[in-house]
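> I'd like to go over a predicted model; first the sequence, then the structure.
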Amino acid sequence: MFKKRVAIIPYLMGSRTAKALENALQQKLDIPVRLFRKNSPYYQPRWTDYVINWGCSAEWPWINNTSKNGNQICVNKLSFFEQVTAFNQVNTTKTVNIPEWTTNAETAQQWNKDFFARKILNGHSGSGILAYDAGKLPQTAPLYVQYKKKRHEYRVHFFRDGHNYTIIDISLS
């Protein structure tokens, strides 16, 4: 019989926060906790494993690719906005503050506020983002997001239970 264990798959093996999570869980749990590379030949998944995706957006070779992975849903900007909007509609007392967004170019043009068009939905470090002044008609893109001057940036951590997502942590980046 397999013993339960926690496998943490970080976006980067050198991630300090992933290591901190590993250490914290090791102190609190009576089961093994380890960090694994997403392509690790040393990690053989078991049905009893608790797998934590720590910001790793790549497809995992040992996940059933016939269903959409939770990490892909959260990394995709449009899917993220859809998930948070649905969460906010159900949880009206504890909402996640996100900017106004749309998938319609004409709606974005009518905001009378500066906005961004996202040509790449799973990009990072600004890839695929085009900036537009208020009232301009943008190029066709899958997502448009209103500009909001930011004071802080936060990461939102989701937990998937079956088909449902729950926000379990919101932390300052």
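Everything's here; your move. Numbers count the residues shown, from 1 in each chain.

> OK, contacts around the residue nearest to Leu143 when sequence neighbours are not counted?
The shortest distance from Leu143 to any non-neighbouring residue, by C-beta to C-beta, 6 or more residues apart in numbering, is to Arg118 (4.2 Å). Quick note: C-beta positions are derived from backbone N, CA and C, even for glycine. Contacts of Arg118 were listed using C-beta atoms under 8 Å, 6 or more residues apart in numbering, and they are Lys77, Leu78, Gly128, Ile129, Ala141, Pro142, Leu143, Tyr144, Val145.

> cutoff 7 Å now
Residues in contact with Arg118, defined by C-beta atoms under 7 Å, 6 or more residues apart in numbering, are Lys77, Gly128, Ile129, Ala141, Pro142, Leu143, Val145.

> cool, Leu143 as well?
Counted by C-beta under 7 Å, 6+ apart, Leu143 has contacts Lys77, Leu78, Trp101, Thr103, Arg118, Leu121.

> what's the spacing between the closest residue to Tyr147 other than its chain neighbours and Leu35?
Among residues not flanking Tyr147 along the chain, Asp114 sits closest, at 4.0 Å (C-beta to C-beta, 6+ apart). Separation of Asp114 from Leu35 (C-beta to C-beta, to the nearest Å) stands at 41 Å.

> what's the following helix or strand after whichever helix or strand Ala117 is part of?
Per DSSP states H and E, Ala117 falls inside strand 115-118. Going down the chain from strand 115-118, the next helix or strand is strand 129-132, by DSSP H and E.

> so what secondary structure elements neighbour that next one?
Under the contact criterion of 3 or more C-beta pairs under 7 Å, 6 or more residues apart in numbering; DSSP states H and E, strand 129-132 touches strand 115-118.

> Pairing partners for the strand it packs on, with directions?
strand 129-132 (antiparallel), strand 143-146 (antiparallel) (DSSP bridges).

> Most tightly packed of these?
Among those, ranked by average contacts under mean count of other C-beta atoms under 10 Å, first place goes to strand 143-146 (a mean of 20).

> before we move on, back to that, alpha carbons of the strand holding Ala117, in PDB - could you do that?
Extracted C-alpha coordinates of strand 115-118, given in PDB (Å, rounded to 0.1, in the frame of the first residue of the first chain):
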ATOM      1  CA  PHE A 115      -6.700  49.900 -21.400                       C
ATOM      2  CA  PHE A 116      -4.600  47.000 -22.500                       C
ATOM      3  CA  ALA A 117      -5.200  44.400 -25.200                       C
ATOM      4  CA  ARG A 118      -3.800  40.900 -24.400                       C
END
